[in-house]
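> Need a 3D model of the following:
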Amino acid sequence: MRWHAVVKVGGSLGRGRRLRSLMAALEAAAVLRPVLVLPGGGVFADLVRSERRRLRLPAPAAHDMALRAMDQYGLLLAALSPRARAVRDPGEAARAARAGRLPILLASSLIEGERRLQKTFRVTSDSIAAFIAGRIGAARLV
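You can find the predicted model right below:
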């Protein structure tokens with residue numbers, strides 16, 4: 001499949017009404033061209049950062065928790081979007097896109113097994129979105 005774009009939907013958008021409008025626009029765009037959504041971490045990642053500082057968690061453990069925070073935010077995005085589908089890998093995303101759905105990638109298991117990426121907070125949802133866009137050959141990263 002030729003992906004038109006990977007769209008990273010930042011967690012900060014989850015704090016206002018804009019999120020529902022954005023998801024509706026992405027659903028409409030996905031009808032015309034294959035779009036893959038990569039969620040940020042939102043308030044879920046904020047909690048991980050807070051607990052990391054408070055409990056002095058090691059970076060690899062906090063990183064794994066932050067990846068799951070991205071998954072949680074992705075599940076929230078899917079719950080707000082009737083035509084969206086939470087997916088766990090590019091193959092499942094392609095099948096959802098072919099069916100006219102907006103795939104939202106829950107990337108934790110995909111990224112945890114990726115040896116080329118550090119297990120630190122230097123790897124953000126933005127850098128993960130860029131990595132995924134390159135991996136699937138997306139024409140654009142938004």
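> how far does stretch 102-116 sit from the chain's center?
8 Å (C-alpha atoms, centre = their mean, to the nearest Å).
> Could you do stretch 59-66 as well?
That offset, for stretch 59-66, works out to 16 Å (C-alpha atoms, centre = their mean).
> where exactly do the strands run in this protein?
5-9, 35-39, 84-87, 102-105, 140-141 (DSSP state E).
> Out of those, which is closest to Gln72?
strand 35-39 (8.5 Å; C-beta to C-beta). C-betas here are computed from N, CA, C, even on glycine.
> what angle do the closest one and strand 5-9 make?
Angle, strand 35-39 to strand 5-9, by axes from the mean of the first three to the mean of the last three C-alpha atoms, to 10 degrees: 30 degrees.
> packing partners for strand 35-39?
strand 5-9, helix 18-32, helix 59-80, helix 90-98, strand 102-105, helix 125-136 (3 or more C-beta pairs under 8 Å, 6 or more residues apart in numbering; DSSP states H and E).
> which of these is buried the deepest?
For these, the largest average neighbour count (mean count of other C-beta atoms under 10 Å) is found in strand 102-105, namely a mean of 28.
> Give the residue spans of the protein that score low on pLDDT.
14-16, 118-120 (pLDDT under 70).
> Which one of the helices and strands packed on strand 35-39 lies nearest to Gly40?
Across the helices and strands packed on strand 35-39, closest to Gly40 is helix 125-136 (C-beta to C-beta), at 4.3 Å.
> From the rest of the structure, what touches that closest one?
The set of residues external to helix 125-136 that reach it, using C-beta atoms under 8 Å, 6 or more residues apart in numbering, is 3, 5-6, 8, 10-11, 36, 38-41, 45, 70, 90, 93, 105, 107, 110-111, 114, 117, 138, 140-141.
> Restrict it to CA atoms and write it as CSV.
Taking Å, rounded to 0.1, in the frame of the first residue of the first chain, the C-alpha atoms of helix 125-136 are listed here in CSV:
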residue,chain,number,x,y,z
SER,A,125,6.2,10.3,19.7
ASP,A,126,7.4,12.7,17.1
SER,A,127,10.5,10.7,16.3
ILE,A,128,8.5,7.5,16.4
ALA,A,129,6.1,9.0,13.9
ALA,A,130,9.1,9.8,11.6
PHE,A,131,10.5,6.3,12.1
ILE,A,132,7.1,4.8,11.2
ALA,A,133,6.6,7.1,8.2
GLY,A,134,10.0,6.0,6.8
ARG,A,135,9.3,2.3,7.5
ILE,A,136,6.1,2.3,5.6
